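1. No sequence on hand, only this structure:
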């Protein structure tokens, strides 16, 4: 483990202007006063683009994300390593007068405040929307909640799992026989985080710190995910037919499913256009299926998808994964392997494309391999992961010293008083 002094030196180096230079949000400062995934993910995306992200936590109750699958023997917090990247963690006791003073000073010197407390909680702390905008008329306030700031459910606690259920995702993602199925990761949170980062970026175009452009962004966990099902909802309203779960199928095209090969691997295959389907029928040695009335058009195939799936599965059962992929690639049939994390780790395309980001964990010195930022702007540097998530309170001395001008003695006194 690195010493406190070594970590302070690292953080001070990362806060130098040269570390943000050339990135789109250089000069912007974001207060990440949120926990777990949705709002913090929005903040980390803004940090990727060069914003100065100050992560605020309760000194006695760290962000719950730090406890997700924590590797205590290594001192690594895997989820926070990713979502906490490019952030400078400080602690503030918002119930202490000194803590509220610190928060007020940070608001004055920031462009964005992101929070995901229960509706009304910020008001009870003495920081209503009106009060925050009075302190800084140019600040953008991003408010994340389960059901939004308005409506009859606005006081209910919001969690991604509930949002996935409420949005229609869990129902339609399910299996016809086994029922609804929630995703194996924080899908509603991550989706909301992306939309919030987009909304904040738009608001920044008309914002000037402390002067103008103050804005409140109200975003719920369920609405962003519900938007993904716009076609299903419109179709239901027009026909009265409630879309039912169809497992790995695609409602609008067939064949489209997952098939098991003889070497116990799985292939994702989709023939959403006529030509790939005809090519598939030929390589399966059954060209007569092309003129079969059950499978002649996409509409016909949708109506007989389960019969067709049995035929395609039988063919897959005679081939290895390598066989299927080679044949489909050669014949212009849309198919691909279903990867595990181990497969991804060893994949040549991931590696050569730059889909991984390698860095040293500043606190432990352990080498980390992270998912890289998933887009690039050609000809210029648009985003950058500078470092993974840092330990709680690790930036107290540097941020409060450099940004607020606090002496080492004052910081120690604040710590002793339980304000940070």
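-> Ah, there it is. These numbers were taken from a predicted model, which means no experiment stands behind them.

2. Quickly list what residue 87 is bridged to.
-> Beta-bridge partners for residue 87, by DSSP bridges, are residue 53.

3. which residues touch it?
-> If a contact means CB atoms under 8 Å, 6 or more residues apart in numbering, then residue 87 has 32, 43-44, 47, 53-55, 389-390 as its contacts. From N, CA and C alone the C-beta is placed, and that goes for glycine too.

4. which among those gets closest to residue 305?
-> Minimum distance to residue 305 across the contacts of residue 87 is 40.3 Å, recorded for residue 44 (CB to CB).

5. And that closest one, how far from residue 110?
-> 16 Å (CB to CB, to the nearest Å).

6. And for residue 280?
-> Counting by CB to CB, the gap from residue 280 to residue 110 is 56 Å.

7. what about the longest helix in this protein?
-> Longest helix in the chain by number of residues (criterion: DSSP state H): helix 187-204.

8. got the buried residues for it?
-> Across helix 187-204, burial judged by 16 or more other CB atoms under 10 Å covers 187-193, 195-197, 199-201, 203-204.

9. Over the next helix or strand after it, what's the mean pLDDT, rounded is fine.
-> Once the chain leaves helix 187-204, the next helix or strand it forms, by DSSP states H and E, is strand 215-220. For strand 215-220, mean pLDDT is 98.

10. Also stretch 312-330?
-> Mean predicted lDDT for stretch 312-330 stands at 98.

11. Work out the gap between it and the centre of the chain.
-> A distance of 34 Å separates the centroid of the chain from that of stretch 312-330, by CA atoms, centre = their mean, to the nearest Å.

12. now swap in stretch 311-330 and tell me
-> For stretch 311-330, the distance to the chain centre is 34 Å (CA atoms, centre = their mean).

13. Then stretch 377-388?
-> From the chain centre to the centre of stretch 377-388 is a distance of 17 Å (CA atoms, centre = their mean).

14. Can you name the residues in contact with it?
-> 10, 14, 19, 22-24, 48-50, 81-82, 84-86, 357, 359, 361-362, 368, 370, 372-373, 375-376.

15. cool, and stretch 148-158?
-> Counting by CB under 8 Å, 6+ apart, 118-120, 143, 145-147, 218-221, 223 sit against stretch 148-158.

16. wait, which of those residues is closest to residue 210?
-> residue 143 (20.3 Å).

17. hang on, the earlier thing: of residue 280 and residue 110, give the one with the bigger neighbour count.
-> Between residue 280 and residue 110, residue 280 has the larger neighbour count (other CB atoms under 10 Å), namely 26 against 23.

18. what's the closest non-adjacent residue to that one?
-> residue 333 (5.2 Å; CB to CB, 6 or more residues apart in numbering).

19. just residue 418 next, same as before
-> Distances taken as CB to CB, 6+ apart place residue 93 nearest to residue 418, at 5.7 Å, with adjacent residues excluded.

20. How many residues are close by the one you found?
-> Counted with other CB under 10 Å, the neighbours of residue 93 add up to 19.

21. Repeat that for residue 365.
-> If you count neighbours by other CB under 10 Å, residue 365 ends up with 11.

22. model confidence over the helix or strand containing residue 105, on average?
-> According to DSSP H and E, residue 105 maps onto helix 97-108. Helix 97-108 shows a mean pLDDT of 98.

23. for the helix or strand following that helix, the distance to its chain's centre please.
-> Later in the chain than helix 97-108, the nearest helix or strand by DSSP H and E is strand 112-115. How far strand 112-115 lies from its chain's middle: 17 Å, per CA atoms, centre = their mean.

24. same question, stretch 381-391
-> 15 Å.

25. Tell me the buried residues in it?
-> 382-385, 387-391.

26. now do stretch 408-418
-> Under the neighbour-count criterion of 16+ other CB under 10 Å, stretch 408-418 has 411, 414 buried.
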